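*Asks:* Show me the folded form of this:
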Amino acid sequence: MTNQTAVSPPMNRPYILIVDDEPDIRNIISDILGDEGFETAAAESAEQAREMVAEREPDLVLLDIWMPGTDGISLLREWIAQGTTSSVIMISGHGTVETAVEAIRIGAYDFLEKPLSTAKLMVTVERAIENRRLQQENRRLRTRLEPATNLLGSSDAMRQLRARIERFAATDGWVLIQGEPGSGKGVAARSLHRLSARSDGPFVEVNLAALPAENVAIALFGSESDDGAVTTGSLEKASGGTLVLDEVADLDMALQAKLLSALEERRFYRVGGRREVTIDVRVIATTNQDLQQKIDDGRFRRDLYDRLNQLTVFVPPLREHREDVPEFVDAMVRIAVDTEGFGYRKFSTGALNALRNHHWPGNVRELQNVVHRLMLAGEDEEIGAEDVREEFAGRRRPGAAAGYPGFDTDLREAREDFERAYLLYHLEQVGGNMTELAHRTGLERTHLYRKLKGLGIDAKSGRSSN
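*Replies:* I've put the predicted structure just below:
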């Protein structure tokens with residue numbers, strides 16, 4: 001593999017990978033880009049490019065379409081499927097323009113036709129890098145605009161939570177965040193990352209409860225196939241930043257051991273891989289379960305618990321700081337209007353008081369769902385206390401939301417309607433968390449999935465197709 005890298009490049013210089021089987025093309029582009037202040041590296045085949053991208057993701061890839069072995073289009077498809085964020089400019093020879101246009105439809109930023117024009121090369125490269133910078137900035141802005149209302153509030157509980165997060169963010173210690181479903185564990189994790197020294201690094205979340213058991217290892221560690229194709233896992237993607245293990249209690253014992261080894265040694269092998277991967281991550285784990293009880297039951301490793309539990313954050317349930325509800329509602333309305341296309345509607349003092357007096361078993365996630373439904377439910381500028389009471393009354397009658405037919409039907413249909421309404425209600429309360437839903441309903445997860453499917457309920461969307 002030919003690897004040409006500028007000498008002692010500043011860390012903020014864009015990094016460009018040139019992939020072409022012609023040495024002259026690689027050398028010419030490297031020289032031009034190097035003279036313009038870019039950091040460059042080069043690979044002569046798709047196989048070598050895979051290895052280099054796995055080690056360090058470039059800001060931009062200049063990728064030849066026709067190469068021995070795997071062609072550029074196939075490699076581009078592979079990277080797109082893996083979620084690689086590098087911008088890609090295809091390099092095409094005569095007669096391959098149609099193929100290059102197809103590459104843009106797949107996800108390439110642009111294409112350059114051989115013989116290369118230096119002026120066109122520089123303009124296209126600079127635009128591609130600026131486009132990637134804007135995309136990254138948009139992702140950061142979307143993260144900041146996500147409903148962060150869990151960390152708003154003037155109550156003692158929220159002030160103490162914010163102070164604890166600020167203290168922990170100043171360290172690089174691992175953090176275990178505990179709290180009920182919907183209370184704001186994810187928002188607390190994002191706040192820790194944003195306030196930490198790793199804030200410029202990646203922030204990667206992996207929801208262990210939502211993944212099928214057979215896919216968890218690949219999601220965490222990635223994989224390698226015999227032909228050299230690489231799937232990058234969450235551990236790799238988070239290197240240099242923060243990895244959030246969401247609902248870590250759902251990880252099975254075998255993977256707990258492998259994860260502990262990888263985190264302590266800071267290196268691991270991908271599934272099916274033969275090359276060791278090194279990482280540098282800060283770990284934040286979240287759970288709504290009693291890990292100590294799971295340890296006592298033999299379902300969670302004590303050594304992994306001790307490693308994850310260097311620092312502990314408890315996110316209080318909304319019922320313990322209901323005085324913050326008006327502030328949360330105000331923030332939710334602004335976000336819904338500014339970023340989600342909702343029409344503005346004002347909550348009256350009576351409506352806010354009715355919301356404040358609710359018990360909120362689903363916590364802030366439930367509050368957000370209620371606010372959104374109320375904003376969409378009418379056209380009057382103001383939402384009143386009666387609107388809130390009707391919303392809660394309708395939700396407390398499970399059949400009302402699902403069109404429950406009452407007694408004018410046979411027993412089998414009535415039972416199915418009730419079960420559908422019951423499961424939809426609790427699915428919303430737990431925010432789609434299947435482990436928590438199984439706990440609430442007393443059903444084993446496999447049986448629960450079958451029941452949802454039989455009733456026509458999409459567990460991901462939380463909606464019924466019937």
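*Asks:* use CA for all of it now, contacts and neighbours both
*Replies:* Noted.
*Asks:* Could you list the domains of the chain?
*Replies:* Using automatic domain parsing, the domains assigned to the chain come out as 15-143, 149-314, 318-396, 400-464.
*Asks:* show me where pLDDT drops low in the stretch 201-350 of the chain?
*Replies:* Within the stretch 201-350 of the chain, the stretches with pLDDT under 70 are 228.
*Asks:* need the strands for it, in chain order.
*Replies:* For the stretch 201-350 of the chain, the strands defined by DSSP state E, counting those that start in this stretch occupy 203-207, 223-224, 230-231, 242-246, 267-269, 276-278, 282-287, 311-314, 346-347.
*Asks:* between those, which gets nearest to Leu427?
*Replies:* Among the strands of the stretch 201-350 of the chain, strand 203-207 comes nearest to Leu427, with 16.5 Å by C-alpha to C-alpha.
*Asks:* before we move on, back to that, I'd like the domains of the chain as TSV, with mean neighbour count appended.
*Replies:* Converted to TSV, those look like this (neighbours: other C-alpha atoms under 10 Å):
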stretch	mean neighbour count
domain 15-143	17
domain 149-314	18
domain 318-396	17
domain 400-464	16
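*Asks:* re earlier: need the strands of the stretch 201-350 of the chain in CSV with distance to Glu126, can you?
*Replies:* Formatted as CSV, the strands of the stretch 201-350 of the chain follow (distance: least, C-alpha to C-alpha, whole Å):
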stretch, distance to Glu126
strand 203-207, 26
strand 223-224, 33
strand 230-231, 28
strand 242-246, 29
strand 267-269, 35
strand 276-278, 31
strand 282-287, 33
strand 311-314, 43
strand 346-347, 46
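*Asks:* closest one to Leu452 among those?
*Replies:* strand 203-207 (20.4 Å).
*Asks:* Adjacent strands (with direction) for that closest one?
*Replies:* strand 242-246 (parallel) (DSSP bridges).
*Asks:* between the strand it pairs with and strand 282-287, what angle do the directions make?
*Replies:* 20 degrees (axes from the mean of the first three to the mean of the last three C-alpha atoms, to 10 degrees).
*Asks:* Bridged to the residue nearest to the spatial centre of the chain, which residues?
*Replies:* With distances taken as C-alpha atoms, centre = their mean, Glu205 lies nearest the centre of the chain, 4.9 Å away. Beta-bridge partners recorded for Glu205 (DSSP bridges): Val244.
*Asks:* how far away is it from Ala189?
*Replies:* 9 Å (C-alpha to C-alpha, to the nearest Å).
*Asks:* shared neighbours of those two, anything?
*Replies:* Common neighbours of Glu205 and Ala189 are listed as Val244 (criterion: C-alpha atoms under 8 Å, 6 or more residues apart in numbering).
*Asks:* got a pLDDT number for the residue nearest to Glu22 when sequence neighbours are not counted?
*Replies:* The shortest distance from Glu22 to any non-neighbouring residue, by C-alpha to C-alpha, 6 or more residues apart in numbering, is to Glu44 (7.2 Å). pLDDT, Glu44: 94.
*Asks:* Then Ala414?
*Replies:* Reading off the model, Ala414 has pLDDT 63.
*Asks:* got the CA coordinates for stretch 208-218 in PDB?
*Replies:* In PDB, the C-alpha atoms belonging to stretch 208-218 read as follows (Å, rounded to 0.1, in the frame of the first residue of the first chain):
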ATOM      1  CA  LEU A 208     -28.800  -2.700  23.700                       C
ATOM      2  CA  ALA A 209     -32.500  -3.300  24.500                       C
ATOM      3  CA  ALA A 210     -33.600  -2.600  21.000                       C
ATOM      4  CA  LEU A 211     -31.200  -4.900  19.200                       C
ATOM      5  CA  PRO A 212     -31.900  -8.600  18.500                       C
ATOM      6  CA  ALA A 213     -29.500 -10.700  20.600                       C
ATOM      7  CA  GLU A 214     -27.800 -12.100  17.500                       C
ATOM      8  CA  ASN A 215     -26.900  -8.600  16.200                       C
ATOM      9  CA  VAL A 216     -25.500  -7.100  19.400                       C
ATOM     10  CA  ALA A 217     -21.900  -8.400  19.000                       C
ATOM     11  CA  ILE A 218     -21.600  -6.900  15.500                       C
END
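*Asks:* which outside residues touch it?
*Replies:* With contacts defined as C-alpha under 8 Å, 6+ apart, stretch 208-218 is touched by 231, 233, 245-248, 250-251, 255, 270-271, 433-435.
*Asks:* wait, which of these is closest to Asp306?
*Replies:* Using C-alpha to C-alpha, the contacts of stretch 208-218 come closest to Asp306 at Val248, 13.2 Å.
*Asks:* ok, back up a step: just list the residues touching the residue nearest to the centre of the chain, thanks.
*Replies:* Shown in contact with Glu205 (C-alpha under 8 Å, 6+ apart): Ser234, Leu243, Val244, Leu245, Asp246.
*Asks:* ok so, going back, hang on, isn't the residue nearest to Glu22 packed against Asp24?
*Replies:* No. Using C-alpha atoms under 8 Å, Glu44 is not in contact with Asp24, being 10.9 Å away.
*Asks:* Could you check how far the one helix or strand Glu51 maps to is from the centre of its chain?
*Replies:* Taking DSSP states H and E as the criterion, Glu51 maps to helix 46-55. Taking C-alpha atoms, centre = their mean, to the nearest Å, one finds helix 46-55 lying 24 Å from the centre of the chain it belongs to.
*Asks:* cool, stretch 106-115 as well?
*Replies:* Offset of stretch 106-115 from its chain centre (C-alpha atoms, centre = their mean): 29 Å.
*Asks:* Pull the residues that contact it.
*Replies:* Residues outside stretch 106-115 that contact it (C-alpha under 8 Å, 6+ apart): 76-77, 80, 87-94, 97, 100-101, 104, 120-121, 124, 128.
*Asks:* Is Leu62 located within a strand, as I assumed?
*Replies:* Yes. Remark: Leu62 belongs to a strand, assigned using DSSP: H, G, I helix; E, B strand; the rest coil.
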